[in-house]
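Student: Turn this into a structure:
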Amino acid sequence: MAKSSALCFLFFLLFIVSLGGDKMVAEAKHCLKTWNCNTTDICWDDCKSRYGGKGLCDLIPTPFVPKQCLCSYEC
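Tutor: Okay, here's the model as predicted:
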């Protein structure tokens, strides 16, 4: 059951991509950097000043792992 639903999802994605045709526009590549953080505000500001991107500090930290700032920006 799980294999068939995964296969259906894959075909659905291929169908959606094939509908794009000539309308596809080149998009900027997105990169991701991570570093330790304490608050989302500091993470947001650091990411914007360093890379011109958007940063978010972990909302749900993993036990024994420091909170991470996830910074997404155009390469």
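Student: Got the phi and psi for Ile60?
Tutor: Note on Ile60: its backbone torsions stand at phi -120, psi 100 [degrees, to the nearest 10].
Student: any idea how far it is from Lys67?
Tutor: Separation of Ile60 from Lys67 (Cβ to Cβ, to the nearest Å) stands at 9 Å. For glycine as for every other residue, the C-beta is placed from the backbone atoms N, C-alpha and C.
Student: more neighbours, those two?
Tutor: Lys67 (16 against 5; other Cβ atoms under 10 Å).
Student: Look up the pLDDT of the more buried one for me, please.
Tutor: What the model reports as pLDDT for Lys67 is 91.
Student: Tell me who's in contact with it.
Tutor: Asn36, Cys37, Asn38, Cys57, Asp58, Pro61 (Cβ atoms under 8 Å, 6 or more residues apart in numbering).
Student: Need the buried ones from these selected in ChimeraX.
Tutor: To isolate in ChimeraX the members of the contacts of Lys67 that are buried, counting by 16 or more other Cβ atoms under 10 Å, one can use:
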select :37,57,58
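Student: Tell me which of the contacts of Lys67 fall in strands.
Tutor: Asn36, Cys57 (DSSP state E).
Student: and which of the contacts of Lys67 is nearest Trp44?
Tutor: Lowest distance from Trp44 to the contacts of Lys67 (Cβ to Cβ) belongs to Cys57, with 8.2 Å.
Student: is it true that the closest one touches Cys69?
Tutor: Yes: counting by Cβ atoms under 8 Å, Cys69 is a contact partner of Cys57 at 5.4 Å.
Student: Spit out the residues that contact these two alike.
Tutor: Cys37, Ile42, Cys43.
Student: So the second one: helix, strand or coil?
Tutor: The assignment at Ile42 comes out as helix when based on DSSP: H, G, I helix; E, B strand; the rest coil.
Student: any idea how far it is from Cys69?
Tutor: Ile42 is 8 Å from Cys69, by Cβ to Cβ.
Student: higher neighbour count, those two?
Tutor: Comparing Ile42 with Cys69 by other Cβ under 10 Å, the one with more neighbours is Cys69, at 21 against 13.
Student: The more buried one contacts Thr34, doesn't it?
Tutor: Yes: contact criterion Cβ under 8 Å: Cys69 and Thr34 qualify, at 6.4 Å.
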